[in-house]
Structure formats: C-alpha cells, structure tokens
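Novice: Here you go, sequence then predicted model.
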Amino acid sequence: MTITSHPAGIGERRPGTNATLWFWCLMGVLLASFKGMTAPQINTLEGDRIGSEGHLLVVRPINHATLALGWKDLVILVDPVGGAARFAGLPRGDLVLVTDIHQDHLNAETVRAVIKPGAKLGVPPAVLAQLPEDLKALATVLTNGQKATISTVLVEAVPAYNTSAERQRFHPRGRGNGYVITLGSKRVYVSGDTEDIPEMLQLKDIDVAFLCMNLPYTMDVERAAAAVRAFRPKIVYPYHCRGSDLQKFQRLVGNDIGVEVRIRDWYAP
C-alpha cells in the first residue's frame, strides 16, 4: 500500500484556521475604527496642576516675569530671559510671548535657546523692532486689543501701561502688552508691566491671573489687591514682585470673593 503525503493546507483544513482568520479580521476592524483618533496628549512640564485630565493646565513659575504654561502637548513661555541655564530640565517652548522691551522681559539669545524647531512668537511692535531677523520671521505682531491664533492658541493683547505721572516714563501706553491666553475652556491673564488700568479692571472670566506689583515700576500691593477684587480671577499669582509684601497682598485680597492667592518663590537662587 502506497501512502502519498502532501503539505498541510493543500486539500485539507488545519485546526484553528477559521478562528485565527476571524481574530485578525476583528483586529483590522478595531484598528480601522481607531484610525484618526488622537491619543491622550501629555505635557511633560512640571508645576502647579490646575483642572483635570483633558483640561489640565500646568503652571511653572520660573523667575520674576518669566513663566511657563503647559496645555496638552504645548509649552508656552512668557518673557524668557536669563540664559539657557535657567531653563535646564524644562521642555522647550512651542510659543513664546514677550510683553515689553526691557531686559527683564526680552532677551533674544534666551528666546533662541529655549524654543523648539517650528516655534512661534507673539510680540508687540516695539519688541519686533528689537528682534534679530531669524526671530522676526517667527513673530506675529499684536498691538493692544488685537487677537490672533498662534501655534493653535488664541492670544489677545491687552494694554499694559503706567497711569501715575511719575511712572509713565517706565511704561508708556501702547508700547507693551499684557496677554489673555485661551487654553480650552480656561482663560489665563498675564499682566505684563502695568498699573491697575481700566482695561484690566474690565476683564471677565479669568481663570488664572499673573499680576505684577513692584515699585517704582508698576503698582503697590494695595492697588494690585483692589484690581483683583474688581476683576476676580479664580486664581491669582503675584509675580514681577521683588520687594513687595505678598502676605499683605493676600490679606487685602481676602477670602470673601472666591479668589485663591498662590504665592510662589519667583526669586530662588
């Protein structure tokens, strides 16, 4: 009797073939259904965490007028100065906002050192005039009151200026910007160098505010606290505050209007 052999799968069915086929078909359907869906975006910036997953804002005080904001996979740097070493260990910025021309707000070498490839800048015209050509090419110019979407972020330039006669030489009206930054459902206000101007007092629906207070350049803690009680952000960080009595500021804001004062060390060595 002669026995003829042939390779499995030719003329016969191997056990489990249908189950395996159905498994891979199902996987294909599942993969196709997930195509185009965005994976959760995680920001690597460390700092205060405000909100919940999916709506999480990360706040990182850095120094004086310099801070970082994290939103989803974006990093926003405000007034980065002080050289690259100050930003060691921090993720690079997708968006840089500069408020004014003074050296505690604008340093082109630092900006160049801390941005990612493809990053963008938002600046007032006076800052643009002082930027080198490579950074000018990345900049969107915002005058007081203008809005623009930069690096997918809606940014509104808010006036920042002195009103007291003896201080107007420091920050004349129209030169510098504060900013209202919209990140999902959150609105973040960065005051820049200013006193308690009408445009600040009229702000609405601010979730997080960074408010300057230092004499003789901006305003004292009494006027800063009165401004907070007027526009009522949910959280306020006193910043640009060298020499100011922040405990007094906190007492003057009070705890009767639902504003949380967050005091952080902006001047660590």
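Specialist: The structure has been received and is ready for your questions.
Novice: Point out where the stretch 1-150 of the chain drops to low pLDDT.
Specialist: 1-43, 52-54 (pLDDT under 70).
Novice: For Gly51, give its distance to Val58.
Specialist: Per CB to CB, to the nearest Å, Gly51 is found 9 Å from Val58. To be clear about C-beta, it is placed using only N, CA and C from the backbone, and glycine gets the same treatment.
Novice: cool, and Ile50?
Specialist: To Val58, Ile50 is 8 Å away according to CB to CB.
Novice: Pick out whichever of Gly51 and Val58 has more residues nearby.
Specialist: Val58 (19 against 16; other CB atoms under 10 Å).
Novice: in a helix, that's where that one is, yeah?
Specialist: No: using DSSP: H, G, I helix; E, B strand; the rest coil, the assignment for Val58 is strand, not a helix.
Novice: hang on, it packs against Trp71?
Specialist: Yes: judged on CB atoms under 8 Å, Val58 makes contact with Trp71 at a distance of 7.5 Å.
Novice: Quick one: neighbours of the residue lying closest to Phe231 once chain neighbours are set aside, just the number.
Specialist: Leaving out its chain neighbours, the residue that sits closest to Phe231 by CB to CB, 6 or more residues apart in numbering is Leu203, at 4.4 Å. For Leu203, the count of nearby residues is 19 (other CB under 10 Å).
Novice: can you give me the helices for this structure?
Specialist: 17-34, 108-114, 125-128, 133-136, 198-201, 221-231, 246-253 (DSSP state H).
Novice: Please list the residues outside the fourth one that contact it.
Specialist: So the one you mean is helix 133-136. Residues from elsewhere that reach helix 133-136 (CB atoms under 8 Å, 6 or more residues apart in numbering): Ala108, Val111, Arg112, Leu121, Leu128.
Novice: and Ala88, how many neighbours does it have?
Specialist: Counted with other CB under 10 Å, Ala88 comes out at 7.
Novice: Next: Asp205.
Specialist: Neighbours of Asp205 under the rule other CB under 10 Å: 12.
Novice: can you pull up the bridge partners for the closest residue to it other than its chain neighbours?
Specialist: Closest residue to Asp205 apart from its sequence neighbours, by CB to CB, 6+ apart: Arg187 at 5.6 Å. In this entry, Arg187 is beta-bridged to Thr182, by DSSP bridges.
Novice: mind listing what Arg187 touches?
Specialist: When contacts are counted by CB under 8 Å, 6+ apart, Arg187 touches Val180, Ile181, Asp205, Ile206, Asp207, Val208.
Novice: Gly184 now?
Specialist: By CB under 8 Å, 6+ apart, Gly184 lies in contact with His55, Trp71.
Novice: Thanks a lot, catch you later.
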